[in-house]
Every structure is written in C-alpha cells, then in structure tokens.
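K.L.:
need coordinates for the following:
(2 chains)
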Amino acid sequence: MGRKDLIGGSLWENYSQQVVDRMNQPRFRGELTEEEAVRRGGKLIVADWGAESCGDTVRLYWIVDEKTGVILDARFKSFGCGTAIASSDVMAEMCIGKTVDEAVKITNLDVEFALRDEPTRPAVPPQKMHCSVMAYDVIKKAASLYSGKEMKDYDEDEIVCECARVSLSTIKEVIRLNDLKTVEEITEYTKAGAFCKSCIRPGGHEKRKYYLEDILRETRREMERENADRGEPSFDTLTLVQKLKRIEAVLDESVRPLLARDGGGLELEDVKEENGWLNLYIGYRGACRGCAAGQAGTMMMIQQKLREQLGEKINVYSL
Amino acid sequence: MDSRIYFDNNATTQVDERVSEIMHPFERECYGNPNSLHSFGMEVRSHLATALDRLYAGISADDEDTVLVNGCATEGNNNILKSAWITQILNGRKKQIITSRVEHHSVSHTAAFLASMGVEVVEIPVDKNGVADAGALRELIDPDKTALVSVVWANSETGLMNPIRELCGIARENGVLFHTDAVQAVGKIPVSVRDIPVDYLTFTAHKFHGPKGVGGLYIRRGAPFVPLLHGGDQMGGLRSGTVNVSGAVGMGLAMELAVASLPYENTAVRKLRDSFEDTILTLEGTFAVGSRDLRTPNTSFISFKGIEGEAMLWDLNRAGLAASTGSACASESLEANPLFEAMNLNKDLSHTGIRFSLSRMTTESEVNRAAEIVKNAVLRLRAISTADQI
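P.N.:
Take a look at the predicted model:
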C-alpha cells in the first residue's frame, strides 16, 4: 500500500497504447473458412477455448501447410474484455509464419510482452494478466487438434500460477531453498499469485488444481519431517521451556518490531497446554494497551505469525 | 459544451446548480466552526439548523429521533453494523446479524469482517424476482439470537427494491433492530421513517445531486448506538469531527429538491428510462434484469448476450456514453456478478450486464443518442464475439 494505491478505478489508464489500439481495431479478428483453406493449400483448424460463464472464450482459426507444419494464416473471435481481445489479436498475429511446434511455445507472457509500448512497462495492470492466459491455452488446443496429441502433452510441467506461468516444481524449490514461510514471500520470489490471485486459495476467480497455501503447508510439513529425521525436533515434541524460548524468539523477530513502530509492545504473561493446543496469554504494553485492534486484527496477526513459524495448534489470547 | 452522456447516476450524480450555489459562502465568508461561541460560529449555526430541518423533513423523521450528518453512507453502514456488534453481541446476549445476498460492499464486507470476529452472519436469499425473500427472513430470524437485520432498500446495480415494509415489520414483530441502506432509494421513491418504522437508515448526498463526502444516518429514538468516531461533542458526541458545513448545507437543500422532484422522477424519468430500455430490447439477445415495477424509476440493468461487460463499457465510453458494469473483468476482484448467481440467471450471462442509470437531468435527446451508441457497440462487438447463437 502506498500513494499509488490510493486512487482506484485506473484500470484503463494502465493499458498500453497497443492494447488500446488492438481493442479498438483488432487486425486479425474474423474467421477462416474451408474454401479459403483449400484455396491456399492448407488444412483448416478451428479451436475453441474457455466458457462464457467464466467471462472469457476465444476461437482460433489456423490454415496450416501440412507439408511443412507452417501456419499460413490465423484469425480469432473472442467473447472477452479489452485485454482478452487485444491479446487474442496479437497471439493470432504471432502464430502466422511459425510452425505448429514453434507456436505452442508462445506463452501468455510473450503475448503480454508483445503488447508493451516500452520493454519495462507492463501492457496491462496485474489483475488483467489473467485475461491473456486464454490466448495461450487456445494455441495448445489448436495444436492438439492438428497433431492429434493430447493438450497436456504440450505442458512441460504442472503450472500452478497461469498468469505468471510458475510451475509446481519451481514453487516447491523456492520454498525449500529460501526457507519461505508465507504466501507473500512466494509471490515476492516467483511472482506466482501476484496477478489474478486465483491460485492463492480456493474461492478466487477460477478453480485451480493446486493452491499456494496448500503447497506451502505441505512443503513446510515435508521439510519439518526431514528435519526431524535429521534429529532436529519439531515444535510439538519440545518441552514447555524449549517451546517458550522458540515463541519468544518469534515474538522478538516478527512481532515486537511491528508493535514498536506504533509505540507499543507486548509481554507473554501465561501459557497453558490444553487438549493438544498451546494457549498463549499476552499482555499489551504502551500504545497497544486499550487499542481496539489489540483484540482483533493485531491479535490475529500475532497468532498467524506464531502458527506459520512454529505450528498450527497455537492460540493467542490477550489479558 | 460537453456532448458526453452520463448514464451512471447510481454511481454518483451531478450537483444541482442551486445546491452548488448555496454551498459557496461557507468556504470564503461563513467559514466559522459551528461549535465556536463567537459570531463566526454563531452565523454558521442557523444554516446548519436549516440543513437539519430539511433532512428531518425529507425522510419524515421525528424531532426526538436523530439524523447525524457524517462522511458517507459507507460510514453509516459500518457504524450501524459495528454498533450492533458492540451493543448487542459483545456486550449483550445476541450472536447473529442478518443481511441479504444483494447488499452493497459497505454492508457485505463489514458483515464479513464481523464474521471474522466471531459474529454469525446470515444472508436472506433473493426470490425469483431478485428481491430479498421476506418468507426466508421469517425462517431465519430468532429473537434470542438476532442482533440486527440490515437490508438494502434498492440494489444499486439493478435498481430492484426490496420489500422493506414487510422485512421491517418482521424484525419489529420479533423485537429485532432493523436497518436499511437507503442510498439508492432517497430521491427516487418516497422514503419515510414514519411510514416504515425502521430503526436505522443511511443515505448519502451525492446520489441525489448533492456533494460528495457527506452523508446522513437516521437513528430512531431509543435505538442503541455506539459512535464510530470518538472525539469532540459535534453531533451530540455521536459523530465527532468538525462538521462539513458546506456539505451539510448542500445535502439539506439537495434532499429538499430531491423530495420535491419525486413526482417528476416517477413520471418523466421513468418514461425516459422505459423508452430507452424499449429501444435497447428491440436488439436481439438482450434482456433487462428485474421487472420494471419492482425497480427504481431510473435504472436499467441489461444483459447483452455474447458481449463481455468491460468490452461493452469500453465501446460506449469511446462513443461518449458513460455507464457501468458489474462484470468481473472490470473489477479488481475478478468475481462473477453475485446478483446473477443470486437470481439463478443463466451463468453465461453473468459477465454481460451493463447498468444504465438516468436522473432528473437526463434529456430525451440524450436517451435517443444513447440508444444509437449502444446499438453500434453491439454490432461491432458481436462481430468479434464467439457467441454463435444470439
């Protein structure tokens, strides 16, 4: 959050001129017919992707030279927003002259890059990246219709975040290598989850096979098990005194500095182990005392930090 | 002269010239703080009193009731829900707040926040007409458990009006507090807290040709209330912060003018809206959501098959027509339109809705031009669209 986030509604101002131009005047919209394919000595491919109920559908037409596999011509139709129309247009253009095998390597990132006015400025705002994914999927569909292969044969790896094209293996690797503990950190390292956010947790714009929250939790669990195998005890198995030391360390590192920024602080006043839960009772100091957020947002934040770093079965209460 | 056409009056309205004029003196001449003892304060107070008179009269509030001038309806809605939480749930024995499936975010997101704090939040579903189902409220409400029922009077997107008289009656029979967000009702239909005895009602000036950044919150005499803003004793200590005097004065006059315009709104504006809608509906693959007699007289929410909402809005804007869409692609969140889901409408259409909202400033020639612009946009975008059967 900061100054640039304070005024909303700027979606359209963040489109590149190329997106605007192609939305206003798509160059490759339309259809290709059997007659046209015959005339040009190629095979007609018509691929449909998406569903109207998801807000995006695209149809891609190719005429492919069967001797060389070269795409002689391409057109598209789209039920979609400005970004979807513009990216379908550029995608169709990019297909022409490539072989089918070359075309399937075009990703939504290439499409977005081609729509940029300047190499360093994104063509669309982050939440619209999602709308360019469709243009990528439909190429694979067209290629599979042409070659008779399955669509998934064109996928090299399981993709978790379609917008940023980040794979499952990359995410797991980055969690392990950098000892990541939050979804925000994953996003910072990989850009996964930075755009339409559907892949963070269920309930977003579209259903996903994998979610970052689940991947993080499972990878952390795997890491913990491995540590346990190596003789480093997991939090649950520590004695109460050892647990307290670990809790204090998390409070010092991740909580107290935040509270201190607002002139507040906290102390751990009491600990109870009940039914497998560790219940912590905290007392606020300084400006945090009497602050309404202390019973709400702040307390939830503290509990979340402890759960992320130590274990799920921790509750935080304020006295 | 601005040749653009503004059909987005449910988002905000143009300030009436008379309102604009009456507000001016409070910046350079009459700039005193109404809470000051001296003459600068004194000369402001009488104007503030007139503004309050107009607001009380506008919604038929009793002198024993309270009408607070605050920042906006979002503030009022937050205030009522959080106040109910504090007074009835945290410091009382109730557990639950009932809202509906068709609320503005200032109610639904506040309710979601309260749910995260442990409050049980229940939503009244909508019936086949798209309005909150009173029968469902009868089932849901529990005098021992329900702290507050909060239902929007008219939905901002469709203009569909909920049966507030009936819903309020059910809440009262059960001794449960009742709030309505009347933002889209004030100035469009008669709103009287004497006729329909709600406990709380919220409105905002900029939806009825008043200024932005000032709203009103009605609290029936004796209804429990905890302020959102603590501080000085402005507004009797119920809404601290120096009063936005020019805003309050502007809102007062805007309310008076809006109430006086109700007959015009219900005849002339309704006629313009109906004729616009009739013209649009001659295009194939279009339908209007909600029956006309259940809608506020200025609003049409129309689905254009095969045309995504943001793309439509883009073309309309290029041609100089401002409207709005609930389409996911135009929002930050990428969520599908919850109203379509709530009304069980065809899911394929949930990304195709465009809202046109007129006002008493709308002219017949604008309506004719707007219909032409819509027609052209539909032709262009359908030529791009994959939707085969329109």
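K.L.:
isn't B:Val19 up against B:Lys212?
P.N.:
No: applying C-beta atoms under 8 Å as the test, B:Val19 and B:Lys212 come out as separate, 11.8 Å apart. (C-beta placed from N, C-alpha, C; glycine too.)
K.L.:
looking at these two, which one has more neighbours?
P.N.:
The neighbour comparison of B:Val19 against B:Lys212 (other C-beta atoms under 10 Å in any protein chain shown) goes to B:Val19, with 24 against 16.
K.L.:
and the stretch 1-150 of chain B, which of its residues are near chain A?
P.N.:
By the rule C-beta under 8 Å from any C-beta of the partner chain, the part of the stretch 1-150 of chain B lying against chain A is B:116-117.
K.L.:
closest residue of the stretch 1-150 of chain B to chain A?
P.N.:
B:Met117 (6.0 Å; C-beta to the nearest C-beta).
K.L.:
any chance you could spot the residue sitting in the middle of chain A?
P.N.:
Nearest residue to the geometric centre of chain A (C-alpha atoms, centre = their mean): A:Gly193, 2.4 Å.
K.L.:
wait, the residue of the stretch 1-150 of chain B closest to chain A sits on A:Ala296?
P.N.:
Yes: using C-beta under 8 Å, B:Met117 is in contact with A:Ala296, at 6.0 Å.
K.L.:
pLDDT of the biggest helix by length in chain A, averaged?
P.N.:
Ranked by number of residues, the top helix in chain A under DSSP state H is helix A:212-229. The average of the pLDDT scores along helix A:212-229 is 85.
K.L.:
which helices and strands sit right next to that helix?
P.N.:
strand A:159-161, helix A:168-178, helix A:183-190 (3 or more C-beta pairs under 8 Å, 6 or more residues apart in numbering or on different chains; DSSP states H and E).
K.L.:
go with 7 Å
P.N.:
In terms of contacts (3 or more C-beta pairs under 7 Å, 6 or more residues apart in numbering or on different chains; DSSP states H and E), helix A:212-229 is packed against helix A:168-178, helix A:183-190.
K.L.:
so which bits of whatever helix or strand B:Val378 lives in are buried?
P.N.:
In this structure, B:Val378 sits in helix B:364-384 according to DSSP states H and E. Residues B:366-367, B:369-371, B:373-374, B:377-378, B:380-382, B:384 are the ones in helix B:364-384 that count as buried (16 or more other C-beta atoms under 10 Å in any protein chain shown).
K.L.:
what residues does it touch?
P.N.:
With C-beta atoms under 7 Å, 6 or more residues apart in numbering or on different chains as the test, helix B:364-384 has contacts from A:26, A:29, A:77-78, A:85, B:5, B:7, B:272, B:275-276, B:279-280, B:283, B:304, B:306-307, B:311-312, B:315-316, B:319, B:321, B:390.
K.L.:
please list only the buried members of the residues you listed.
P.N.:
Neighbour-count burial (16+ other C-beta under 10 Å) applied to the contacts of helix B:364-384 gives A:26, A:29, A:77-78, A:85, B:5, B:7, B:272, B:276, B:279-280, B:283, B:304, B:306-307, B:311-312, B:315-316, B:319, B:321.
K.L.:
how about the helices of the chain, start to end?
P.N.:
Picked chain A for this. Taking DSSP H, the helices of chain A run over residues A:17-24, A:34-39, A:82-95, A:100-103, A:108-114, A:133-147, A:168-178, A:183-190, A:212-229, A:240-250, A:256-261, A:297-309.
K.L.:
ah, I was thinking of chain B
P.N.:
Under DSSP H, chain B gives helices at B:17-23, B:25-28, B:39-58, B:73-84, B:105-116, B:134-140, B:164-173, B:245-260, B:262-264, B:270-281, B:309-318, B:338-342, B:364-384.
K.L.:
where among those is the average confidence lowest?
P.N.:
Lowest mean pLDDT within the helices of chain B: helix B:338-342, a mean of 66.
K.L.:
excluding its backbone neighbours, what's nearest residue 114?
P.N.:
Looking at chain A here, since you left the chain open. Distance criterion C-beta to C-beta, 6 or more residues apart in numbering or on different chains; nearest residue to A:Ala114, sequence neighbours excluded, is A:Val90 at 5.0 Å.
K.L.:
switch to chain B, please.
P.N.:
Take B:Leu114 and drop its neighbours on the chain: the residue closest to it by C-beta to C-beta, 6+ apart is B:Trp85, 5.3 Å away.
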